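K.L.:
Below is the structure, and that's it, no one-letter string:
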């Protein structure tokens, strides 16, 4: 094993194999893609199904708000999941945390597909839906932070951008899978779709769970965590140590992640609801637009991952935020035309711009925290951003009533989130730290 000495002390450095890094990153990507598939299903169903079948005792606007509120519950639970799985990941290992998260979200999603609707069990339906969404949120709270941590800690320092971006591709692939599944079931007659067709994408979570778990079982523990464990350097209460010793970095991580999470849901979940419910655009047009946008996001993610290795992930984040802020109002103006072509173009451009910052979230956030606090720091930063911005579709929907069913309020929210992320990228680039113990073995 190749060795070097840490600047923190004369200890044997872990060897990082460039040959193994790609395999680990691809495994992290596949598992994350399947997890995001499960999670994104809920967003589409919140806009198209739950407001009609689960919250049927409310008027249409209140039902939609309740549906999005339940959608937001998953985001509120994510910081708690970040603390829980961050503790496991920083204390006992990244691998056991990731195995647990994938089982939780797969089971919760599958059970949504089996859940009776309001007409069958009454008020128990929305309560059960909220509980299952809570479980999803807890699991995702530990998933992304662990996946990017594993990918980065297995990668040579100079190639972290591309391997962290590979994990990020799990998001658009999850979108493709979930939107594709809903596109197919939307081909059913409306009565069939409402009766049982909408359940099929959720029930697919069970076989996908088997695949994801099989893949995750093959992933080895992070060499950097093994080194921390060998030298008894693991934190006793990682989340508390993050707040004590890296509180400022946590704030920057939250800002840097805001657009990738909140902006994404503004351009997908909110616009699907806004287009189909407020503008009267066919649901298939809105869902198909997200499919095209997801393909474009995959391409931009790969490109931005490589660019981050050259100019730094913080600078990429900053420019992604600024460009999105400038484009926010024109994009929603295009959606307001009700033209299927312009709507598809607007959603695609919006996702590409948001994807610039999102592509490098993993590379930037992992380099904001030292290894012994990394899982918790990354998970907390990303999921506090998620908890904050996950309610944005609900807020934007509420603002439609204030604005006379016009989209300027949603555009304003997107622009504000984008500027916050631009500031996070600018400051975050200056705070990046390199793991002093990494030795590349290509």
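P.N.:
Now that the structure is in, tell me what you want to look at. Computed from a predicted model, the values in this text were never measured in an experiment. Numbering: from 1, shown residues only.

K.L.:
The stretch 51-200 of the chain: helices as residue ranges?
P.N.:
According to DSSP state H, counting those that start in this stretch, the stretch 51-200 of the chain carries its helices in the segments 60-91, 94-114, 118-121, 124-153, 160-168, 170-185, 190-192, 199-203.

K.L.:
Please identify the most buried of these.
P.N.:
Of the helices of the stretch 51-200 of the chain, the one with the most neighbours on average (mean count of other C-beta atoms under 10 Å) is helix 160-168, at a mean of 27. To be clear about C-beta, it is placed using only N, CA and C from the backbone, and glycine gets the same treatment.

K.L.:
same for that one, what does it pack against?
P.N.:
Applying 3 or more C-beta pairs under 8 Å, 6 or more residues apart in numbering; DSSP states H and E, one finds that helix 160-168 contacts helix 18-48, helix 124-153, helix 283-311, helix 340-359, helix 361-366.

K.L.:
just those: most buried one?
P.N.:
Of the helices and strands packed on helix 160-168, the one with the most neighbours on average (mean count of other C-beta under 10 Å) turns out to be helix 361-366, with a mean of 31.

K.L.:
following it, which helix or strand comes up?
P.N.:
Downstream of helix 361-366, the next assigned helix or strand under DSSP states H and E is helix 371-389.

K.L.:
before we move on, the earlier item: closest to residue 164 out of the helices and strands packed on helix 160-168?
P.N.:
helix 361-366 (3.4 Å; C-beta to C-beta).

K.L.:
contacting residues around the closest one?
P.N.:
By C-beta atoms under 8 Å, 6 or more residues apart in numbering, the residues outside helix 361-366 that reach it are 148-149, 151-153, 160-161, 164-165, 167-168, 253, 256-257, 260, 305, 308, 313-314, 317, 374, 377-378, 381-382, 425, 428-429, 432.

K.L.:
Off-centre distance for that helix?
P.N.:
Chain-centre distance of helix 361-366: 13 Å, with C-alpha atoms, centre = their mean, to the nearest Å.

K.L.:
Ok, stretch 400-418 next?
P.N.:
Distance of stretch 400-418 from its chain centroid, counting by C-alpha atoms, centre = their mean, is 22 Å.

K.L.:
ok, now stretch 256-269?
P.N.:
For stretch 256-269, the distance to the chain centre is 9 Å (C-alpha atoms, centre = their mean).

K.L.:
With stretch 79-88 instead?
P.N.:
Per C-alpha atoms, centre = their mean, the displacement of stretch 79-88 from the mean C-alpha position of its chain is 16 Å.

K.L.:
State the distance from the residue nearest the centre of the chain to residue 269.
P.N.:
In the chain, the C-alpha nearest the mean C-alpha coordinate belongs to residue 261, at 5.9 Å (C-alpha atoms, centre = their mean). The gap separating residue 261 from residue 269 is 11 Å, by C-beta to C-beta, to the nearest Å.

K.L.:
so who does residue 129 touch?
P.N.:
Contacts of residue 129 by C-beta under 8 Å, 6+ apart are 50, 54, 70, 112, 115.

K.L.:
what about residue 349, distance to residue 323?
P.N.:
10 Å.

K.L.:
Ignore what I typed, I meant residue 32.
P.N.:
25 Å.

K.L.:
Is it correct that residue 31 is in contact with residue 214?
P.N.:
No. Contact criterion C-beta atoms under 8 Å: residue 31 and residue 214 do not qualify, at 9.8 Å.

K.L.:
before we move on, back to that, between the helices of the stretch 51-200 of the chain, which gets nearest to residue 343?
P.N.:
Using C-beta to C-beta, the helices of the stretch 51-200 of the chain put helix 170-185 closest to residue 343, at 14.5 Å.

K.L.:
counting contacts, what elements does that closest one pack onto?
P.N.:
helix 18-48, helix 199-203, helix 283-311, helix 340-359.

K.L.:
any chance of the ones you listed in JSON lines, plus mean pLDDT and distance to residue 225?
P.N.:
Converted to JSON lines, these look like this (pLDDT from 0 to 100; distance: least, C-beta to C-beta, whole Å):
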{"stretch": "helix 18-48", "mean pLDDT": "75", "distance to residue 225": "13"}
{"stretch": "helix 199-203", "mean pLDDT": "93", "distance to residue 225": "34"}
{"stretch": "helix 283-311", "mean pLDDT": "90", "distance to residue 225": "23"}
{"stretch": "helix 340-359", "mean pLDDT": "94", "distance to residue 225": "25"}
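
K.L.:
sorry, back to before: for residue 231, find the nearest of the helices of the stretch 51-200 of the chain.
P.N.:
Shortest distance between residue 231 and these, using C-beta to C-beta, is found for helix 60-91: 14.2 Å.

K.L.:
Show me which pair in the contacts of residue 129 is furthest apart.
P.N.:
70 and 115 (12.3 Å).

K.L.:
Which residue, other than its chain neighbours, is closest to the residue nearest to the centre of the chain?
P.N.:
Spatial nearest neighbour of residue 261, excluding adjacent residues (C-beta to C-beta, 6 or more residues apart in numbering): residue 386 at 4.6 Å.

K.L.:
Who are the contact partners of the one you found?
P.N.:
75, 78-79, 141, 257, 261-262.
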